[in-house]
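Colleague: Provided below are the primary sequence and the corresponding predicted coordinates.
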2 protein chains.
Amino acid sequence: MNHLLVEHDLRDMITKNDEAALAEFCKTTHPALIAEQMLNFTPQEAWTVLKNADIPERSDIFSHLEAEMQIEIIDILPRDQMVRLISDMPPDDRADLFKTLPEERRDAILPALAQAEREDIRRLTAHQEGTAGAVMTSDYATLSPNMTVAQAIDHLRDVAPDKETIYYAYVLDSKRRLLGFVSLKDLIVSRKHSFIRDVMHEDVIFARASDDQEKAADIIQKYDLLALPIVNGGESLVGIITHDDAMDILTQEHTEDIEKLMAISGSHEAGVYMRTSSLGHFKNRALWVVLLAFVGLLSGFIVQNFEDVILQFAIFAMFMPMVADTGGNTGSQSATLVIRALALGEISPKDIFKILFKELKVSLMIGLVLAAFAYGRVLFFGAGATIPEGYSMITIGTAISVALGLQVISATLIGALLPLGAAKMKWDPAVVASPALTTIVDVTGLLIFFTTATLFLGL
Amino acid sequence: MNHLLVEHDLRDMITKNDEAALAEFCKTTHPALIAEQMLNFTPQEAWTVLKNADIPERSDIFSHLEAEMQIEIIDILPRDQMVRLISDMPPDDRADLFKTLPEERRDAILPALAQAEREDIRRLTAHQEGTAGAVMTSDYATLSPNMTVAQAIDHLRDVAPDKETIYYAYVLDSKRRLLGFVSLKDLIVSRKHSFIRDVMHEDVIFARASDDQEKAADIIQKYDLLALPIVNGGESLVGIITHDDAMDILTQEHTEDIEKLMAISGSHEAGVYMRTSSLGHFKNRALWVVLLAFVGLLSGFIVQNFEDVILQFAIFAMFMPMVADTGGNTGSQSATLVIRALALGEISPKDIFKILFKELKVSLMIGLVLAAFAYGRVLFFGAGATIPEGYSMITIGTAISVALGLQVISATLIGALLPLGAAKMKWDPAVVASPALTTIVDVTGLLIFFTTATLFLGL
């Protein structure tokens, strides 16, 4: 019933060159699953599988492979097989392949393809990475407004093998401008002799090729669409983004969000941890770490500045790590919640006062609990600490508690404020990465801690 | 062309009670968009919109509203209107509404519904939150293997208005066991007199009602499905999860991942930042903050233990914040990358040695850069610091550099190791939240820092 549950020895079939078994396996197994099992194959082994698959499946399986393996396989193919394989790929996957190909390879392959395919590749690869245009496909179904429903169904039946989806079809005028759309469900339930112009939906939700890919995915999610039409500057239809591509965009954007939040730069592609070299990882991570280490020295200057206080009251040095950690933790929490709510469109910078008021209340509660905790800590377990004559543990406990409470409140508010400020400036709120925030509230926290302490102790 | 671009004054129509304009607006605007504009409406205002919408649209708009508003609207409706509204809802959204209804309200509404609907609500709400069963819908299309293609299309046409999708139809035996599935595209391109049993795909990808909802969403993403059939323990079909629900699951899981990573507990629902009360936020955040503050005291004990060293070499106190921050940052980075790669299924705990070796190389590079940086800092700007007779700045610089390098390496490896360990124990790797990690590597970092320093200085 389900191939997920069956162990197929694909490698065994290859070794035996069992063509019948390979053909049967390719016919009955989902292309994504076949591609997954080919992950560590040599190009020769991969081709042995592919050449035994039927033509439409062959390109499907090939499209599911990673770009590196696709290039390796192309390398070992005779020209006619290579052209066939590339011609049959879904246009968006083919465009992705061409984007990763080195330029001289691209120039070697392009002339072998048909004019229409070359044109298609040129159009699809022309859009900037990260835009809707860069992820759309050109395999969409179109209808004329003057067709009847029966003619439209016949047309969709004819073009079905070549189209990404026939469940949505777009109605265009002579300049390829979007007049409306119909779903196959609409067609099935409509009377056969009705005209498309009378059954189509005129309010088409669309995006522009220059829009952010995330915006397109968000629209697909919000309106539960199977596909979103993409128009160019002249309002002509140039492609569609399908629901499955929208899911992949979401996953990629998730990876990007979470990595940015941890101050990791780079391409933020999903699923490339192992494939990224150690040097690549170093480049993606070191910049922020070094920058923040530099800012961390600011904390050092503050400590240096209050050296005399520490020399007199070593108990303050003891509480320093807790104050710093707690500020970083509460600040990261509020920053994360605000960044996520901004990303989901739940809040916007104009809600700033409502958000700060809410965070103030939350931080007052957390601050109170921690202050009480620190006060108890000083009073009950502070006996061993060296404190100068004339100061009571109660004064010191109060000073530390107040300082800790203030640190929690300020760190929480800073954590909420920075991403809101970034959003207001039209920056990505996630630039206020958690490590950056932790380092910033370390500086403010130590300042608050020592200032409060010296004020309380009258130093 | 697109209502997204047009400003509709919905409130204006309500004030004027312009029924014709409201009806036209509801007919031509996407339900999700109407629901969005009703966000801050009173239940009376919301009902004024809903009652002017056609019956199928009315329940669609209502289903897109938030649970709180749905309950408020139900409250003001006469019984017959309320029953009508609830009966027409998509079964999965209706089940979600019943899950949020207080028990006495549920008991008051249920008897008013038809037997079949009561049964459907009972079945759909019986599954544990977070499972595939809890998010599936019961509005799926089924076919018999002995139908012809023409009969099947006729059947789908008849049931289309009541089904979540007719693009996939499931072929069942008399015990509702899954024999296969056909897509509407398959039916359109097949010969009319063929039997369903001959055109259906027998290898159906499915999930179980007890599976994690994330697993179901992952399958939908991996195989680019429009819908995934869900079977019960007896292998009978009990529901489907559609592609749009899979996107919502992905978004919810991402919110959960990112919040867990920041040590925020709670339900991790997406889009509830503003609606969660301050006390709710406090409860979700305080536990970890307090626990970690407690662990932070451990760092304090270490500082206390090395009090004598700090009293002699105040320059060490100056570098303490930087050492702590840097460990937290590098550890959080490696932890985040490992957690994300685990979540995407790219790596598994058995890759532990490959991962640790990679992280070792990355951390050696980052450690070297930072050690050089710290060495320069001590030598060129350390002039103001008080150091005892008999110690050179070079010794101190070397001690601090080596300590910092060791901290980076150990924190990076701990950051990678903890989520791998959690995954090995079948826990969620994200339990190794960044705040927890930061606090842990603070403790290890201070130990490493002071131990290295005292060894180098021969104290």
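Modeller: Thanks, I have it.
Colleague: got any ranges where the stretch 201-350 of chain A has weak pLDDT?
Modeller: By pLDDT under 70, the low-scoring segments of the stretch 201-350 of chain A are A:266-268, A:270-271.
Colleague: A:Arg177 pairs with what?
Modeller: For A:Arg177, the beta-bridge partners are A:Ser236 (DSSP bridges).
Colleague: hey, where'd the helices end up in the stretch 51-200 of chain A?
Modeller: Ranges of helices in the stretch 51-200 of chain A, per DSSP state H, counting those that start in this stretch, are A:55-64, A:67-76, A:79-87, A:91-100, A:103-109, A:115-125, A:132-135, A:149-159, A:184-189, A:196-199.
Colleague: which parts of the stretch 51-200 of chain A sit against chain B?
Modeller: Residues of the stretch 51-200 of chain A that fall close to chain B, judged by CB under 8 Å from any CB of the partner chain: A:Ile153, A:Leu156, A:Arg157, A:Ala160, A:Pro161, A:Ile166, A:Tyr167, A:Leu178, A:Leu184, A:Lys185, A:Ile188, A:Val189. All C-beta spots, glycine's among them, are computed from the backbone N, C-alpha and C.
Colleague: PyMOL command for the buried members of the residues you listed?
Modeller: Here is the PyMOL command that selects only those of those that count as buried (16 or more other CB atoms under 10 Å in any protein chain shown):
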select buried, chain A and resi 153+156+160+166+167+178+184+185+188+189
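Colleague: now the residues of the stretch 51-200 of chain A next to chain B as a markdown table including pLDDT and distance to A:Ala53?
Modeller: Below are those laid out as a markdown table (pLDDT from 0 to 100; distance: CB to CB, whole Å):
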| residue | pLDDT | distance to A:Ala53 |
| --- | --- | --- |
| A:Ile153 | 95 | 30 |
| A:Leu156 | 95 | 26 |
| A:Arg157 | 93 | 24 |
| A:Ala160 | 89 | 20 |
| A:Pro161 | 84 | 15 |
| A:Ile166 | 93 | 23 |
| A:Tyr167 | 95 | 25 |
| A:Leu178 | 94 | 36 |
| A:Leu184 | 95 | 27 |
| A:Lys185 | 94 | 31 |
| A:Ile188 | 93 | 32 |
| A:Val189 | 92 | 36 |
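Colleague: Kindly reformat the residues of the stretch 51-200 of chain A next to chain B as a markdown table containing distance to A:Lys358.
Modeller: Shown next, in a markdown table, are these (distance: CB to CB, whole Å):
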| residue | distance to A:Lys358 |
| --- | --- |
| A:Ile153 | 54 |
| A:Leu156 | 52 |
| A:Arg157 | 56 |
| A:Ala160 | 53 |
| A:Pro161 | 55 |
| A:Ile166 | 49 |
| A:Tyr167 | 43 |
| A:Leu178 | 43 |
| A:Leu184 | 47 |
| A:Lys185 | 44 |
| A:Ile188 | 50 |
| A:Val189 | 48 |
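Colleague: now, which of the residues of the stretch 51-200 of chain A next to chain B sits nearest B:Val441?
Modeller: Within those, the smallest distance to B:Val441 is 51.4 Å, found for A:Tyr167 (CB to CB).
Colleague: And the closest residue to the closest one other than its chain neighbours, how close does it get to B:Val204?
Modeller: Nearest residue to A:Tyr167, sequence neighbours excluded (CB to CB, 6 or more residues apart in numbering or on different chains): A:Leu184, at 4.8 Å. Separation of A:Leu184 from B:Val204 (CB to CB, to the nearest Å): 21 Å.
Colleague: hang on, the earlier thing: list the contacts of the residue nearest to A:Tyr167.
Modeller: Contacts for A:Leu184 (CB atoms under 8 Å, 6 or more residues apart in numbering or on different chains) come out as A:Ile153, A:Leu156, A:Ile166, A:Tyr167, A:Tyr168, A:Ala169, B:Tyr167, B:Leu184, B:Lys185, B:Ile188.
Colleague: Brilliant, that's me finished.
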